[in-house]
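K.L.:
Sequence and predicted structure are below.
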Amino acid sequence: MDRSRRRFSAAAGALAVLPFSRALAAPVGGTAELGFAEIPDGTLAEQGLFALPGKLPLIKKTFRPPNFETPIQYFRTPITQNRAFFVRYHLAAIPEVSAKDWALSVGGDSAERELKLTLAQMKKEFKAAQVTAVCQCSGNRRGLFEPHVAGVEWGVGAMGNAVWKGVRLKDVLAKAGVKAGALEVVFDGADHAPLEKTPDFVKSLPLEVAMDENTLIAFEMNGQPLPHWNGFPARLVVPGWTGTYWVKQLASVRVVAQPEKNFWMATAYRLPRGKFKTPTFQSQLYSPNEPITTMVVNSLITSLKSGQQLRRGQPLVVNGIAWDSGSGIAKVEVSTNGADWREAKLGKDLGRFSFREFSFSMPTRESGSHVVMARATSKAGETQVNELIHNPAGYHHNVIQRIYVEVV
Ligand SMILES: Nc1nc2c(c(=O)[nH]1)N[C@H]1C(S)=C(S)[C@@H](COP(=O)(O)O)O[C@H]1N2
Ligand SMILES: [Mo]
């Protein structure tokens, strides 16, 4: 019997009062009810909801720096509303940038010239571009790792999907002029550490990813200016790549001929080499590990909680969302008995970088327990895993959920 199964039996059987006391101890998002591990992590058990200015109540992970995750109910629509969108920062000093005073610096040793572009200039000089894309933290679901690893103990909500609008980074780089020999493009935001002990958050991308037509400098999210907490007035949008590259409060862009070697590239956000089939970041392969790059295929069931009881005769509805790094979702299969898989119906295609809704419904004629699973497969042929692929920083958790429901 696997661990979550045992947890379920205990909750449903001998300790009939347990679900209630657990509800008190774990107001939101315990690991068991998400269909993963058996024992709720301390952090997950103690967390509560808190509303940052301009935001709905989100699941508080840390105040300084602000780390807040999106409660599961906001994933019942394919677009995540701005006020519910998760917030992730590494550094606690986040200036309120005024749109009027903001200007982006563009340069670097592999740029032909230096530019300083105000928001008005950016909007006037470059063609508008838009993409619907998932921003997901590399460490989304880290709190579900067993054994646990250090870092923000995220549940399933360190992600969101939005319509991002701005200008293409490649158009801005073309105006600056990219010299032969350019290797990476380096991004810095306006935030910094309060005590200058922590290195400034600076990220780089391979030149070809920076030049991709879907890589944007975005000013808008779902038709509104970016919320402060999501990067106002401008952020990088790198569809398919994990959230770490989506630099907020973007202040400077530099085209360089050498690999960027600061802490956030050389030490943090790295994976053991060769463990995942994601693309390699060629210019950053100088140690036994490599930078994380694109997201792995994944899904989330949003219509059920583990331990939930359904009345016999009520349909068992398995709805949720699926996403990958941009090949698009080919299929989502659902199992309700731990053995057979049936294809769910896919919702409207909002673009290959977007969440894709799925739905499945089954009549319940008899009482009994079900293990409900959903398994997404991308158009590139990648499928969610049965067993966690361990890595020290707790990235790329795409283990198939196992949600236990009881028909009574
Ligand atoms: N300036 C700045 N940009 C940043 C970060 C940061 O700490 N500072 N964190 C990154 C990480 S790790 C993630 S997952 C995303 C989260 O985006 P969100 O806060 O809009 O949800 O922002 C990225 N951009
Ligand atoms: Mo992240």
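P.N.:
Received it, and whenever you're ready, just let me know what you need. All of these numbers come straight from a predicted model, not from anything done at the bench. Ligands and ions are numbered 1, 2, ... in the order given.
K.L.:
And the residue of the stretch 301-408 of the chain that's closest to ligand 2?
P.N.:
Per Cβ to the ion, residue 395 is where the stretch 301-408 of the chain lies closest to ligand 2, at 9.1 Å. Backbone N, C-alpha and C define where each C-beta goes, glycine included.
K.L.:
residue closest to the middle of the chain?
P.N.:
residue 136 (1.2 Å; Cα atoms, centre = their mean).
K.L.:
Can you tell me the closest non-neighbouring residue to that residue?
P.N.:
Nearest non-adjacent residue to residue 136, counting by Cβ to Cβ, 6 or more residues apart in numbering: residue 159, 3.7 Å away.
K.L.:
Next, count neighbours for the one you found.
P.N.:
Using other Cβ atoms under 10 Å, residue 159 is surrounded by 27 other residues.
K.L.:
Please tell me I have it right and it contacts residue 138.
P.N.:
No: with contact defined as Cβ atoms under 8 Å, residue 159 does not reach residue 138; the gap is 10.5 Å.
K.L.:
quick one: contacts for residue 355?
P.N.:
Listed by Cβ atoms under 8 Å, 6 or more residues apart in numbering, the contact set of residue 355 reads 75, 78-79, 134, 161, 321-323.
K.L.:
Ramachandran angles for the nearest residue to residue 75 once chain neighbours are set aside?
P.N.:
Using Cβ to Cβ, 6+ apart and skipping the chain neighbours, the partner closest in space to residue 75 is residue 302 (4.9 Å). When read as degrees, to the nearest 10, the backbone of residue 302 gives phi -110, psi 0.
K.L.:
if we can go back for a sec, please identify every residue contacting each of residue 159 and residue 138.
P.N.:
Joint contacts of residue 159 and residue 138 (Cβ under 8 Å, 6+ apart) are residue 243.
K.L.:
so where's the stretch 201-350 of the chain uncertain?
P.N.:
Scanning the stretch 201-350 of the chain for pLDDT under 70 picks out nothing.
K.L.:
show me the contacts for the closest residue to ligand 2 within the chain.
P.N.:
Closest residue of the chain to ligand 2, Cβ to the ion: residue 137 (3.4 Å). If a contact means Cβ under 8 Å, 6+ apart, then residue 137 has 86, 88, 154, 158-159, 242-244 as its contacts.
K.L.:
quick one on the thing from earlier: would you agree the residue nearest to residue 75 is in contact with residue 72?
P.N.:
Yes: Residue 302 is within contact range of residue 72, at 5.9 Å (criterion: Cβ under 8 Å).
K.L.:
follow-up on the earlier one: of the contacts of residue 355, which pair is most distant in space?
P.N.:
Maximum pairwise distance in the contacts of residue 355, criterion Cβ to Cβ, is 14.7 Å, between 79 and 322.
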